[in-house]
Each structure stands twice: as structure tokens, then as C-alpha cells.
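Asker: Give me the fold of what follows.
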Amino acid sequence: MDPHLLRTFVTVARCGSFSAAARELGYTQSAVSQHIAALESDLGAVLLGRRPVAPTGAGVRLLEHAGPLLLRLDAARADIARLTAAPAARIVVGVSPLAMTSRLTEALATVRRRHPLLEVTVRVLGREAVTRDVATGSADLGLVDGAAAPNDPLFLADVGPLAAEVVAEEPLAVALTTRHPLAGRDGLRLADLAEARWIDAPDTAVPLTRLRTASGTDGYRASLRYDGTDVRGLLDLTAGGHGLALLPRSALDGVPGIRAVPLSVPRLRHRVEVLHNDAPEGPAALLATALPAALTPAGQAGRAEARGGEAG
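Answerer: You can find the predicted model right below:
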């Protein structure tokens, strides 16, 4: 299967138009039509309905495969480029919102003392976007967070060989308004909250899909979805009574209108990991070494390991 044809198909399906896809890809509309016809001929199936332009059943199934396939191709290209490129005078760090910390400043200061002219870009992104950008070379390093059992790694998207190291860990707490009937509890069992009102904030709080997996219980339906990376905005919604959220305890300390009740069962912890390719060089290598030292209390640093799995 030609990846150029596959990329054209994904673009047409997303745009819902051959002409819009042609403008985005820099092709003529005729070339886009030829790409789709060639892909359909190769697979022996009609992938797109023409009026309106929308994926057929076979097209929907192909889209499920296309995203991971194209991502792995981009990751492979970036991996080879890293092996042949000279060390850069700039680095890009992708950080998920709850992996952002003032201690990152300390690690960057360590690097800048060695490389005073280094250009640094810090991008605050969703968790999956951080992993994707590190895999494809858009970011040199990533700091990503999530919920995991004490001795387990985070579940991250399978985007190719990446090294990960645990750099911080702390307890999780249920964030609820001070007026909530459960606000006076000393601890809460996750399974007992399956029918509660939740805020679905996949890039800030622990995702609701992770709650279902961790508790082995269905439920955890969203009363509101929050598509953002601003943790303060999520906390304002929680304080306003729009739903519960599971967050690291430190993110809830001293927030007006919020009561943080420790999660007692299951034994999940909030984890921060640094992600990078297996052989960073130059400033990226120095930062990869400095981050665990800057972020981790004595004795908490984890060992590097190859990563894969599902996003969580």
C-alpha cells in the first residue's frame, strides 16, 4: 500500500472534499482523484462515497489503521534523521499540563549553563500529542503524566521505540466542590463513584476511560467535556459543581472551593515520565539527564526502558 495514496485518502476523508484536500496537499483535484482511484483499485474496495464525500464501511475500517500506520512512518523517518543530523542549537520540549512544573526551570538552567546560546521552546500539549511529537521528531524530549499502579509504567501510545524514565510520583485525589455530600470523607473508593457526575478532561485530569479500566467498573459518564490544557479552567468548573475530576494532590492544594479527598482504592499514583529517543545527543542528552535529578525526590528516579502500549 503506497503511503502517499493513504495520506491523500486520510486528508480527503477529513476534509470531506476532493478540492479542499487538493488545496491542503498542494495537488490538483485531478491528481487527488487519481490517488483515491489507485488506492481503491489496489485494495479492491470502494473507500469513499462521492455525493457526499464520506468514507464507506471499508473506508472507515481503513481509517482505523491509517492513523497509526502514518504515524509510525513519520516516526521512522524522524528516527533515521536523528542518526544523521548534527546536534541542534535549539531544543523543543513537549509537556503535558500536569507534567509542567517549576522544577523544569531548574533542569533547563542546568542545560543553559553549558549551552548559553541554546534556543529552547516549551510546548504545552495533550498527553498523546507529546508522545507523538517526540516519536516524530517535532519535540526533542517530552514530559508526560498519567495514572499508574505504584510499580507499573504509564500506558502510552505505541508510536515506536522511545526511552522513558520516571521522574516524579505523588498521590491522587478526587477533586470535588466543598459543598459536595462526599466532601467530608477521609478517602474515596473509585468504584463507589461510578455513578457520580464527572468532568471528562482527557488532557488534564485522569481520563474517564482510565477510571473504567482501573476500577473494572462501567460508568463514569461525563456531565461535561473539557477539551483544554488549562488546569485552572478545569478546577474552576469543578469548584462550580459541574463534576468530579481525579488529579494529583499537589494540583488541588489551596484551590478555593475545592475539596481534595484522597483516592483509597485502587492504589493508583500520579506519574510523570520523561520521553526521548534512545540516543539523544548534545543539549537534549543533557536535559534528559538533568530532568530526573531536578524533578525527583531522592530515591524515586526510575530506570529507562522502551515504551509502548495504549494511551492512558
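
Asker: Please work out how many residues are found near the closest residue to Ala45 other than its chain neighbours.
Answerer: Nearest-residue entry for Ala45: Ala58, 4.1 Å, with adjacent residues in sequence omitted and distances by C-beta to C-beta, 6 or more residues apart in numbering. C-beta: built from backbone N, CA, C; applies to glycine. By the measure other C-beta atoms under 10 Å, the count of residues near Ala58 is 15.

Asker: Let me see the contact set for Ala58.
Answerer: Leu43, Ala45, Val46, Leu47 (C-beta atoms under 8 Å, 6 or more residues apart in numbering).

Asker: Got phi/psi on it?
Answerer: When read as degrees, to the nearest 10, the backbone of Ala58 gives phi -70, psi -40.

Asker: Could you dump the contacts of Ala58 into TSV and include distance to Leu104, neighbour count and secondary structure?
Answerer: As requested, those are exported to TSV (distance: C-beta to C-beta, whole Å; neighbours: other C-beta atoms under 10 Å; DSSP: H, G, I helix; E, B strand; the rest coil):
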residue	distance to Leu104	neighbour count	secondary structure
Leu43	46	15	helix
Ala45	48	14	coil
Val46	50	14	coil
Leu47	44	21	coil
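
Asker: Which two among these are spaced furthest apart?
Answerer: Using C-beta to C-beta, the two most remote members of the contacts of Ala58 are Leu43 and Val46, lying 9.3 Å apart.

Asker: now Leu98: how far from Val124?
Answerer: Taking C-beta to C-beta, to the nearest Å as the measure, Leu98 falls 10 Å from Val124.

Asker: the more surrounded of the two?
Answerer: The neighbour comparison of Leu98 against Val124 (other C-beta under 10 Å) goes to Leu98, with 24 against 18.

Asker: can you list the weak-confidence ranges in the stretch 151-300 of the chain?
Answerer: 293-300 (pLDDT under 70).

Asker: now the helices for it?
Answerer: 208-215, 231-239, 282-295 (DSSP state H, counting those that start in this stretch).

Asker: mind putting those in CSV, distance to Asp253 and mean neighbour count included?
Answerer: Below are those laid out as CSV (distance: least, C-beta to C-beta, whole Å; neighbours: other C-beta atoms under 10 Å):
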stretch, distance to Asp253, mean neighbour count
helix 208-215, 22, 19
helix 231-239, 11, 20
helix 282-295, 18, 21
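
Asker: With Thr136 as the reference, name the closest of those.
Answerer: helix 282-295 (14.9 Å).

Asker: where does Leu83 land on pLDDT?
Answerer: pLDDT for Leu83: 66.

Asker: Tell me the bridge partners for Ala173.
Answerer: Counting by DSSP bridges, Ala173 forms beta bridges with Leu247, Pro262.

Asker: do the same with His276
Answerer: Those that pair with His276 in a beta bridge, by DSSP bridges, are Ala163.

Asker: Can I take it that Ala135 is in a helix?
Answerer: Yes. According to DSSP: H, G, I helix; E, B strand; the rest coil, Ala135 belongs to a helix.

Asker: coming back round to it: make a markdown table out of the helices of the stretch 151-300 of the chain and add distance to Val93.
Answerer: Listed next are these as a markdown table, based on distance: least, C-beta to C-beta, whole Å:
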| stretch | distance to Val93 |
| --- | --- |
| helix 208-215 | 24 |
| helix 231-239 | 18 |
| helix 282-295 | 7 |
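
Asker: Of those helices, which is nearest Pro181?
Answerer: Short answer: helix 231-239, nearest of the helices of the stretch 151-300 of the chain by C-beta to C-beta, at 15.0 Å.

Asker: Show me how far stretch 216-230 is from its chain's centre.
Answerer: 16 Å (C-alpha atoms, centre = their mean, to the nearest Å).

Asker: What lies in contact with it?
Answerer: Contacts of stretch 216-230 (C-beta under 8 Å, 6+ apart): 96-97, 124-126, 190-191, 193-205, 208, 211-212, 233-234, 237, 242-243.

Asker: Just list the residues touching Leu69, thanks.
Answerer: Pro3, Leu6.

Asker: now Asp42
Answerer: Met1, Asp2, Leu5.

Asker: Perfect, I'm done here.
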